[in-house]
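Visitor: No sequence on hand, only this structure:
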């Protein structure tokens, strides 16, 4: 299949605003007008509840995984990872939602799951641990992005998980991490002011004052 067609399909796949559509169709709520106003997993959990949030996370992650698998199934000269990157761009800047999308965490995780599942599971373990310690999805997302940036350069040196240096992998995963960090700018301000939203579990070691 033509590489350009796969890129377009990946972008359109990523552009599906899962949380927004679930809210409008099943709950008759526009999550853009509630909570943080974001259409991603975290705000869906906050506004619509655990079931809707879980479904949103799984679908958003699946968008990234499917985008990576498309070139494997249909064949292309482009790297599956590059195709997956366009799904993340679609999720972040969705054509179906006025180019105002999520913060790229779930779809980026889906891309890594499809391309390098062991590394994805490593980062997921870090994310889960930080989430328990801080009770903040935002902080966990930022932390795992920073750790991802560091391990991209450290792990190949020791042939641990990432066996060798791959310039394209390093470039794209660095790009994903920087997108996630950039999309969490407002969260960083709230964390600094101890006003960030919390999940209803964990240790809240940074002593955020907002309600869970």
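Guide: That came through, no problem. Only a predicted model underlies this, so the values are computations on that prediction, with no experimental measurement involved. Numbers count the residues shown, from 1 in each chain.
Visitor: From now on I want contacts and neighbour counts done on CA atoms only, so please keep to that.
Guide: Fine.
Visitor: who's in contact with stretch 150-159?
Guide: 161-165, 170 (C-alpha atoms under 8 Å, 6 or more residues apart in numbering).
Visitor: shouldn't residue 57 be in contact with residue 108?
Guide: No: look at residue 57 against residue 108 with C-alpha atoms under 8 Å: they stay out of range, at 11.3 Å.
Visitor: Could you check which of the two is surrounded by more residues?
Guide: residue 108 (28 against 23; other C-alpha atoms under 10 Å).
Visitor: and the longest helix for the protein?
Guide: helix 50-74 (DSSP state H).
Visitor: Run the angle between the worst-scoring helix or strand of the chain on mean pLDDT and helix 50-74 for me.
Guide: The weakest-scoring helix or strand in the chain, judged by mean pLDDT, DSSP states H and E, is helix 41-48 (a mean of 90). Interaxial angle, helix 41-48 versus helix 50-74 (axes from the mean of the first three to the mean of the last three C-alpha atoms, to 10 degrees): 150 degrees.
Visitor: Need the nearest residue in space to residue 106, chain neighbours excluded.
Guide: Leaving aside its chain neighbours, residue 106 sits nearest to residue 61 (4.7 Å; criterion: C-alpha to C-alpha, 6 or more residues apart in numbering).
Visitor: roughly how far apart are the residue nearest to the spatial centre of the chain and residue 76?
Guide: Most central in the chain under C-alpha atoms, centre = their mean is residue 105, positioned 1.2 Å from the mean C-alpha point. Taking C-alpha to C-alpha, to the nearest Å as the measure, residue 105 falls 26 Å from residue 76.
Visitor: still on that earlier bit, OK, contacts around the residue nearest to the centre of the chain?
Guide: Applying C-alpha under 8 Å, 6+ apart to residue 105 gives the contacts 141, 180.
Visitor: one more time with 10 Å, if that's ok
Guide: For residue 105, the contact set (C-alpha atoms under 10 Å, 6 or more residues apart in numbering) comprises 40-42, 57, 60-61, 88, 91-92, 138, 141-142, 144-145, 176-177, 179-181, 183.
Visitor: Local confidence estimate at it?
Guide: Per-residue pLDDT puts residue 105 at 96.
Visitor: Would you mind measuring from it to residue 163?
Guide: Using C-alpha to C-alpha, one obtains 24 Å as the distance from residue 105 to residue 163.
Visitor: do the same with residue 138
Guide: Relative to residue 163, residue 138 is positioned 30 Å away (criterion: C-alpha to C-alpha).
Visitor: quick one: which of the two has more around it?
Guide: Counted by other C-alpha under 10 Å, residue 138 and residue 163 do not tie: residue 138 has more neighbours, with 25 against 11.
Visitor: The more buried one - nearest residue in space that isn't next to it in sequence?
Guide: Nearest non-adjacent residue to residue 138 (C-alpha to C-alpha, 6+ apart): residue 187, at 6.5 Å.
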